[in-house]
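Visitor: Provided below for reference: sequence and predicted model.
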Amino acid sequence: MKKLGLKECLRCGRRSLLIASAIGFCADCIRNHPDETLPLIFQAHAETRLRFGLPPAPPKDPSGVKCVLCANECRIPPGGRGFCGLRENQDGKLVSLAGSPSKGLLHWYRDPLPTNCVADWVCPGHNQYGYHNLAVFYGSCTYNCLFCQNWHFRGMSPLREKGISAEELASLANPYTFCVCYFGGDPASQMPHALQASRKLAERGVRICWETNGSMHPALLDQAVDLSLSSGGCIKFDVKAWDENLHIALTGSSNKRTLENLARAAKRIPERPKPPLVVVSTLLVPGYVDAEEVGKIARYIASLNPSIPYALLAFYPQFYLWDLPCTSYRHAKECEEAAFSAGLTNVRIGNVHLLSRDY
């Protein structure tokens, strides 16, 4: 069993188990002193991406080709690629190496129901024994989460892999396919592919579900919500943090688009109150995503609709936050209480088997 050690915040000198070496700062210093902390954290993000041949940051070449598919709104220089690694500037034109209807960069598998879904306690799929979820794991993302629980997607390359068309993906459904769920990585980076496959799958009676950071263009979100609404599926927003500086430190990106898109989707809830159209989750990263963060996220959700289900997920050390402990029981219960106190009526702690007593 690994031994957890104390690390020191590079700004305030505080020593704690709950400071990640890759970040170097405590949550309070990130929230309150972004000018001093974020430049060094951006360097860490750049290093994690260069290791996988990805652009160190969203390109912002004033004369580059603009991509508007997600909140990063890359301006890609000639011969360069966008932040997700899938779009390229070829002779002044935006070209998709993957993520278009003709080619998705992904893995897929049939996941027997009930399964470990973020929304399993509120989804009709939790009692569909004998059926399965068509799980679509996209090999790209619009964020750079230092704690990514599925970071292995970075080993997938649009240049090395043949991929699969939206038509081919939809053809995988059979009479026992109850639902499809897009995750990854994140479907926000390959929405044209996912939407085209979803239209075909919905025609075959498959429920359409999404597990996403919510950073896609609002027009693409609207199409995703339409498909979930009509098919009986849901869209699960993974809200990483409330404080924008902390969100940038953890993911490399702002959370503004995510929060805007969450509000946009929540407006559609009255069109189909049950089963829930919108579900929200937050990973409880020790030392960073604390009860303060969760309480503020929960207040925002409650302001949209207090019945929106909210899943608080236990963290397991992964990727560049390998030296943090698993979420503790105390941490999880404090966050659960903060969420209920903020006005939400349906809160659940997920991945309980991962909870620890390390802090």
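Guide: That came through, no problem.
Visitor: Which stretches in the protein count as strands?
Guide: 7-8, 15-16, 65-66, 75-76, 87-90, 93-96, 106-112, 132-138, 177-184, 207-212, 235-238, 278-284, 310-314, 347-350 (DSSP state E).
Visitor: who's in contact with stretch 238-252?
Guide: If you take Cβ atoms under 8 Å, 6 or more residues apart in numbering as the criterion, stretch 238-252 is touched by 23, 25, 27, 30-31, 34, 37-38, 41-42, 45, 57, 118, 143-147, 211-214, 253-256, 258-259, 262, 280-283, 285, 288-289, 293, 296-297, 300. Bear in mind the C-beta positions are built from the backbone N, C-alpha and C, glycine included.
Visitor: and what of stretch 346-359?
Guide: 4, 17-18, 118, 121-122, 281, 286, 298, 307-316, 325-333, 335-336, 339-340.
Visitor: are any of these buried, and which?
Guide: Neighbour-count burial (16 or more other Cβ atoms under 10 Å) applied to the contacts of stretch 346-359 gives 4, 18, 118, 122, 281, 286, 298, 307-316, 325-329, 331-332, 335-336, 339-340.
Visitor: Could you list the residues in contact with stretch 8-28?
Guide: In contact with stretch 8-28 (Cβ under 8 Å, 6+ apart) are residues 4-7, 29-30, 33, 36-37, 40-41, 44, 48, 146, 246, 249-250, 286-288, 290, 320-321, 323-325, 358-359.
Visitor: Tell me how far the residue nearest in space to the middle of the chain lies from residue 259.
Guide: Centroid check for the chain by Cα atoms, centre = their mean gives residue 213 as the closest residue, at 3.4 Å. Per Cβ to Cβ, to the nearest Å, residue 213 is found 11 Å from residue 259.
Visitor: where do the helices sit along the stretch 51-200 of the chain?
Guide: 166-170, 191-203 (DSSP state H, counting those that start in this stretch).
Visitor: For the first one, buried residues please.
Guide: Using 16+ other Cβ under 10 Å as the burial criterion, the residues of helix 166-170 that qualify are 166, 169, 170.
Visitor: Not counting sequence-adjacent ones, nearest residue to the second one?
Guide: In space, and not counting its chain neighbours, residue 169 is closest to residue 197: 4.4 Å by Cβ to Cβ, 6 or more residues apart in numbering.
Visitor: Neighbours of that neighbour, how many?
Guide: Using other Cβ atoms under 10 Å, residue 197 is surrounded by 30 other residues.
Visitor: Report the contact partners of it.
Guide: 101, 104, 136, 166, 167, 169, 170, 180.
Visitor: Return a selection command, for use in ChimeraX, containing the buried ones of the contacts of stretch 238-252.
Guide: Restricted to buried positions by 16+ other Cβ under 10 Å, the ChimeraX selection for the contacts of stretch 238-252 reads:
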select :23,25,27,30,31,34,37,38,41,45,57,118,143,144,145,146,147,211,212,213,214,253,255,258,259,262,280,281,282,283,285,288,289,293,297,300
